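In: coordinates for the following, if possible.
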Amino acid sequence: MTTKVLDNFSLNVNNYNYVNWSHMYIKKSMLEIAGEFAFETFDYTEGDFEKWKIKMGAEAKAVIGNTTICDGYIDKIPIKYGEGDFSLQFVGRDKTADLVDCPYTGSNNEFKKQTVVAIIKKLCTPFSIEVTVEDSAKNTVLTTIETFKASEGVSVADLIIDLCRDIGVIPISLGDGKLTLTKATETGKTNDPIQYNVNASSGSYLQSDRDRFSNYTAKGYGIGTDEKSLSDYINCSFTFNDAVVSRNRPNIIFMDREADTGRCKSRARWEARLRAGLSRLIQYKIPSWTQSNGDIWGINKLVKVEDKLLDVNETLLIIEAKYLYDTGENENDKYQETSTILTLADKDIFSGEAGDIKIKTRFDS
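Out: Model prediction:
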């Protein structure tokens, strides 16, 4: 028996939708500025490469239903072949991937007394990346920076992340080819809860203390002003403690641009809370890309989780979504599988507040 390949997802290149793929993978994350995608086919007979009008560097959109999940470029086309086997992949990333790969090379790389959003827009201009700001971050990105230097050889993405983490802003791509500045949502909720053995077919509890420390000390130096005391900018530092880590595990962060005591404090708190949140994550596999109302599962959404096996009954934050499509053959029949892998974190992971987190199991002390 031959099953029909689903046609509600596609790779759009040059305004043409390529469908009937054997495998598909798309990932969006709040921890990465650029999403990624891969479309694979086994459909090939000798000499028919010309039927694929997809070239390296082509603009491409990864689409599910009528929703564009990634808007970027093809940057890999791996081909594998052997006796009776062939596979062709088209792999790419969001347009914001250029910010990840490239440094800023503008003639003026030092910005004085400018807002965070103004600096980020100038950093993105050479790459023709539009910057949008969601309502949650509109006031915060107007924070004025005394002096900011785009250090030579540092990627634009790292420069942007450096600017954003001190003020609690998250730079992400939402699949429209733009860079979006936002904050972790406090109100955006999914339509459906996640319930293990109801709409979630499997789960994984990702717990690790390898990247978590007892205290975080941020150190730096800065430029004095009439409003600052000497200690604010000469050898300024701040230490923030994570009481959950009981043994001595110090971490030192050297600020990569001018700082004062306030910035050291923000950086230490942000680092501590982010690492605490990442030390306890839950992943669920949902056998669908959409919720019961037709909405696609997406990042930066709050979701109610009910999992008796982990003894979790909390509202958590979706920080990553992977959309998968797979075909194959087992003993009885050919099959096709559609699924979403959601990674969930404590909803305050980006708040800059260290300390205990709500995702806990009986393995926690």
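
In: hey, what's residue 236 bridged with?
Out: Counting by DSSP bridges, residue 236 is bridged to residue 220.

In: what part of the chain, helix or strand, is modelled with the least confidence?
Out: Using mean pLDDT, DSSP states H and E, helix 230-233 stands out as the lowest-scoring helix or strand of the chain, at a mean of 57.

In: distance of residue 75 relative to residue 206?
Out: Taking CB to CB, to the nearest Å as the measure, residue 75 and residue 206 are separated by 29 Å. The C-beta positions use only the backbone N, C-alpha and C, and glycine is treated the same way.

In: for residue 254, same thing?
Out: For residue 254, the distance to residue 206 - CB to CB - is 29 Å.

In: could you do residue 187 as well?
Out: Taken as CB to CB, the span from residue 187 to residue 206 is 26 Å.

In: then residue 91?
Out: Taking CB to CB, one finds residue 91 at 25 Å from residue 206.

In: before we move on, what about residue 279?
Out: 9 Å.

In: neighbour count for the two, which is higher?
Out: residue 279 (21 against 14; other CB atoms under 10 Å).

In: so where's the stretch 101-250 of the chain shaky on pLDDT?
Out: 222-234 (pLDDT under 70).

In: can you do 90?
Out: Counting by pLDDT under 90, the stretch 101-250 of the chain has low-confidence residues at 106-109, 145-149, 151-152, 165-168, 220-237, 240-246.

In: would you map the strands across the stretch 51-200 of the chain?
Out: 59-64, 67-76, 79-82, 85-94, 110-115, 131-133, 144-149, 170-172, 179-182, 194-195 (DSSP state E, counting those that start in this stretch).

In: what's the burial count for the nearest residue to residue 215 once chain neighbours are set aside?
Out: Distance criterion CB to CB, 6 or more residues apart in numbering; nearest residue to residue 215, sequence neighbours excluded, is residue 241 at 4.8 Å. Residues near residue 241, counting by other CB under 10 Å, number 15.

In: hmm, residue 213 and residue 241 touching each other?
Out: No - between residue 241 and residue 213 there is no contact under CB atoms under 8 Å: 9.4 Å.

In: need the residues touching each of those two.
Out: residue 272 (CB atoms under 8 Å, 6 or more residues apart in numbering).

In: kindly check the end-to-end length of stretch 91-103 for me.
Out: Counting by CA to CA, to the nearest Å, you get 23 Å between the two ends of stretch 91-103.

In: give me the buried positions along it.
Out: By neighbour count on 16 or more other CB atoms under 10 Å, the buried set for stretch 91-103 is 91, 92, 93, 94, 95, 96, 97, 98, 99, 100, 103.

In: now the first one: how far from residue 149?
Out: Same thing as residue 91. Distance from residue 91 to residue 149, by CB to CB: 34 Å.

In: the second one too?
Out: Residue 92 is 32 Å from residue 149, where distance means CB to CB.

In: and residue 320, how many neighbours does it have?
Out: 19.

In: how much space between it and residue 22?
Out: 24 Å.

In: and what of residue 185?
Out: For residue 185 relative to residue 22 (CB to CB), the value is 35 Å.

In: any idea how far the spatially closest residue to residue 247 that is not a sequence neighbour lies from residue 240?
Out: Among residues not flanking residue 247 along the chain, residue 214 sits closest, at 6.7 Å (CB to CB, 6+ apart). Using CB to CB, residue 214 is found at 10 Å from residue 240.

In: quick one, which of those two is more surrounded?
Out: Taking other CB under 10 Å, residue 214 and residue 240 do not tie; residue 240 has more neighbours (24 against 16).

In: that one contacts residue 272, doesn't it?
Out: Yes - shown here, residue 240 and residue 272 form a contact pair, counting by CB under 8 Å, at 5.0 Å.

In: tell me what the longest helix along the chain is packed against?
Out: Longest helix in the chain by number of residues, with DSSP state H as the criterion: helix 261-278. Other helices and strands packing on helix 261-278, by 3 or more CB pairs under 8 Å, 6 or more residues apart in numbering; DSSP states H and E, are helix 156-165, strand 215-220, helix 230-233, strand 236-241, strand 250-254, strand 334-346.

In: what angle sits between the fourth one and helix 261-278?
Out: With axes from the mean of the first three to the mean of the last three CA atoms, to 10 degrees as the basis, strand 236-241 and helix 261-278 are set at 30 degrees to each other.

In: repeat for the longest one
Out: Orientation of strand 334-346 against helix 261-278 (the same axes, to 10 degrees) gives an angle of 140 degrees.

In: which positions within strand 334-346 qualify as buried?
Out: Applying 16+ other CB under 10 Å to strand 334-346 flags 338, 339, 340, 341, 342, 343, 344, 345, 346 as buried.
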